[in-house]
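K.L.:
Kindly generate the corresponding structure for this input.
(one chain, ligands or ions: 2)
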Amino acid sequence: MVGCAPIITREMNSMRFRISAACTLWLVAWTAAGRAQVTAQPPAAGPATAPAPVAAPQGRGRGNAPQGPGGGAGRGFPAQQRQLADQRTLERGKTLYEINCRSCHGPDLRGGEAGGPNLLRSQLALTDLHGELIVPVVKQGRQTPGMPAMPALALAEDDIVAIAEHIHAVQATSRGQGAPPAGPPVVLNIVIGDPKAGQTYFNGKCASCHSLQSMQGIATRIPDPMTLQNTWVAGGAGRGGAGGSRATVAVTLPNGQRIEGPLVRIDDFIVVLTTPDGTPRSFARSGNVPKVEVKDPRDAHRALLPTYTDKDMYDVTAFLVTLK
Ligand code: HEC
Ligand code: HEC
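P.N.:
Residues are numbered from 1 along each chain as shown. Ligands and ions are numbered 1, 2, ... in the order given. Below is the predicted model:
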């Protein structure tokens with residue numbers, strides 16, 4: 001990885017480098033860490049006063065808007081967490097973009113009729129902080145064999161930097177990779193079963209363990225049908241979930257001593273339980289030593305799971321929904 005460093009440092013300004021995926025990752029980290037190095041370029045246009053505030057352009061607030069270092073986890077790549085320019089610069093950049101770039105790169109940067117590539121996905125445009133990578137491309141033009149050429153444009157450096165800032169403001173509105181499409185969340189109606197059939201099923205398969213009354217309580221407590229379905233199918237909150245585990249464990253040591261309590265965690269190497277005074281106690285495991293017996297009330301539900309058909313699930317959910 002460190003092998004990438006000299007290449008990138010030397011050729012940062014020429015813009016002709018093509019970096020490997022591994023280098024790209026490294027570059028992302030490096031760019032964030034070494035901002036000062038990268039920004040040792042002519043400063044951005046606009047009032048040379050205090051650092052520009054992080055502007056809040058259209059549509060931000062969802063997705064991975066830049067937060068700056070220390071922002072929430074998973075809020076975008078470090079290289080994309082840059083300060084946006086002030087509003088005036090952004091407006092100027094937008095106008096200049098419309099005039100000089102839009103025909104080729106599109107109104108929303110995703111490429112236009114005249115053949116420019118998508119700048120939302122351009123590694124160069126994403127890595128650029130404040131024009132240091134974009135300015136040379138615009139000034140010198142670009143001709144990659146097999147691609148339409150980008151002409152060299154006679155624009156003032158100041159103007160190109162403003163355009164770059166506009167590009168970043170648009171990038172900042174894009175959502176994280178893997179994010180669901182923008183727009184209202186999809187609402188799934190899962191109450192499509194037959195409540196009567198659900199009641200019959202309940203009486204036959206569930207009533208041996210549950211009273212109708214207790215189900216009424218649960219249906220009232222959980223108004224969202226999807227959550228209600230998940231709850232009855234799983235038999236309550238999962239291990240470590242909101243309701244915590246209701247599983248208990250008994251550990252029998254080689255000397256015969258037996259310790260019992262609510263299960264905190266278990267894997268092949270350790271078992272942790274809560275002792276009566278509330279403190280956790282852990283035991284190393286090695287094969288069958290010590291002897292460990294887990295009792296989980298939801299085992300009954302795990303055993304039922306493979307017996308449900310889709311129809312059973314819809315019917316029972318439809319029935320339970322009517323109980324509240
Ligand atoms: C006549 C069409 C055209 C115009 C106008 C145009 N571009 Fe381009 N641009 C291209 C083409 C084509 C490429 C790809 C060239 C290549 O890679 O060889 C490109 C490449 C780029 C790249 C590099 C993308 C990458 O990932 O390598 C950037 C950045 C860019 N343009 C920014 C701009 C900006 C900013 C403007 C306006 C100031 C602009 N372009 C105007 C056609 C255009
Ligand atoms: C063999 C007994 C048994 C059967 C049969 C059974 N359950 Fe359960 N169910 C349990 C136990 C035990 C729990 C409690 C688990 C716990 O305490 O964490 C539970 C938990 C639940 C819960 C969650 C309760 C809560 O307070 O969160 C729901 C809802 C539920 N069952 C619905 C059903 C439905 C519907 C059926 C029939 C399809 C069914 N159960 C069949 C034993 C059973």
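
K.L.:
Show me which residues of the protein sit near ligand 1.
P.N.:
Proximity of the chain to ligand 1, by CB under 6 Å from any ligand atom, involves residues 100-101, 103-105, 114-117, 119, 122-125, 134, 137-138, 142-144, 147-151, 153, 163. Just so you know, the C-beta spots here come from the backbone N, C-alpha and C atoms, and that holds for glycine as well.

K.L.:
can you confirm residue 137 is in a strand?
P.N.:
No. Residue 137 is assigned helix when assessed by DSSP: H, G, I helix; E, B strand; the rest coil, not a strand.

K.L.:
just to revisit the earlier point, just the residues of the chain next to ligand 1 that are near ligand 2?
P.N.:
Restricting these to those near ligand 2 - CB under 6 Å from any ligand atom - leaves none.

K.L.:
Among the residues you listed, which are located in helices?
P.N.:
If you go by DSSP state H, these have 100, 103-105, 123-125, 134, 137-138, 163 in helices.

K.L.:
residue ranges of the strands in the protein, please?
P.N.:
In the chain, the strands defined using DSSP state E lie at 248-252, 258-266, 270-274, 280-284, 291-295.

K.L.:
mean confidence score for the fourth one?
P.N.:
For strand 280-284, mean pLDDT rounds to 96.

K.L.:
what does stretch 181-192 give?
P.N.:
For stretch 181-192, the mean per-residue pLDDT is 81.

K.L.:
can you check stretch 125-141 too?
P.N.:
95.

K.L.:
and what of stretch 247-254?
P.N.:
For stretch 247-254, the mean pLDDT works out to 95.

K.L.:
now swap in stretch 151-170 and tell me
P.N.:
Averaged across stretch 151-170, pLDDT comes to 95.

K.L.:
Nearest to ligand 1 within the stretch 151-300 of the chain, name that residue for me.
P.N.:
Ligand 1 sits closest to residue 163 of the stretch 151-300 of the chain, with a gap of 4.8 Å, by CB to the nearest ligand atom.

K.L.:
Who are the contact partners of that residue?
P.N.:
Going by CB atoms under 8 Å, 6 or more residues apart in numbering, residue 163 touches 93, 96-97, 100-101, 131, 134, 138, 155.

K.L.:
so, in contact with ligand 2 or not, stretch 220-227?
P.N.:
No. Using CB under 6 Å from any ligand atom, stretch 220-227 stays clear of ligand 2, with a minimum separation of 7.7 Å.

K.L.:
For the closest residue to residue 193 other than its chain neighbours, give me its contacts.
P.N.:
Spatially, and ignoring its direct neighbours in sequence, residue 193 is nearest to residue 314 (3.1 Å; CB to CB, 6 or more residues apart in numbering). Residues near residue 314 by CB under 8 Å, 6+ apart: 190, 192-194, 198.

K.L.:
which of those lies closest to ligand 2?
P.N.:
Nearest to ligand 2 out of the contacts of residue 314 is residue 198 (CB to the nearest ligand atom; 8.7 Å).

K.L.:
Now do the same for the residue nearest to that closest one when sequence neighbours are not counted: its pLDDT.
P.N.:
Among residues not flanking residue 198 along the chain, residue 319 sits closest, at 2.8 Å (CB to CB, 6+ apart). Turning to residue 319, the model gives it a pLDDT of 97.

K.L.:
so residue 319 sits right up against residue 202, yeah?
P.N.:
Yes. At 5.9 Å, residue 319 counts as touching residue 202 under the criterion of CB atoms under 8 Å.

K.L.:
Looking at the two, which is more packed in?
P.N.:
Taking other CB atoms under 10 Å, residue 319 and residue 202 do not tie; residue 319 has more neighbours (23 against 20).

K.L.:
how about the helices in the protein?
P.N.:
4-11, 21-33, 35-38, 87-100, 102-105, 123-127, 134-140, 157-171, 195-205, 212-221, 225-234, 299-304, 310-323.

K.L.:
how far off helix 195-205 does the last one point, in degrees?
P.N.:
When you say that, I think you mean helix 310-323. Angle, helix 310-323 to helix 195-205, by axes from the mean of the first three to the mean of the last three CA atoms, to 10 degrees: 100 degrees.

K.L.:
Check the longest one too.
P.N.:
Interaxial angle, helix 157-171 versus helix 195-205 (the same axes, to 10 degrees): 60 degrees.

K.L.:
So what touches stretch 260-270?
P.N.:
240, 245-251, 271-276, 280-285, 292, 294, 296.
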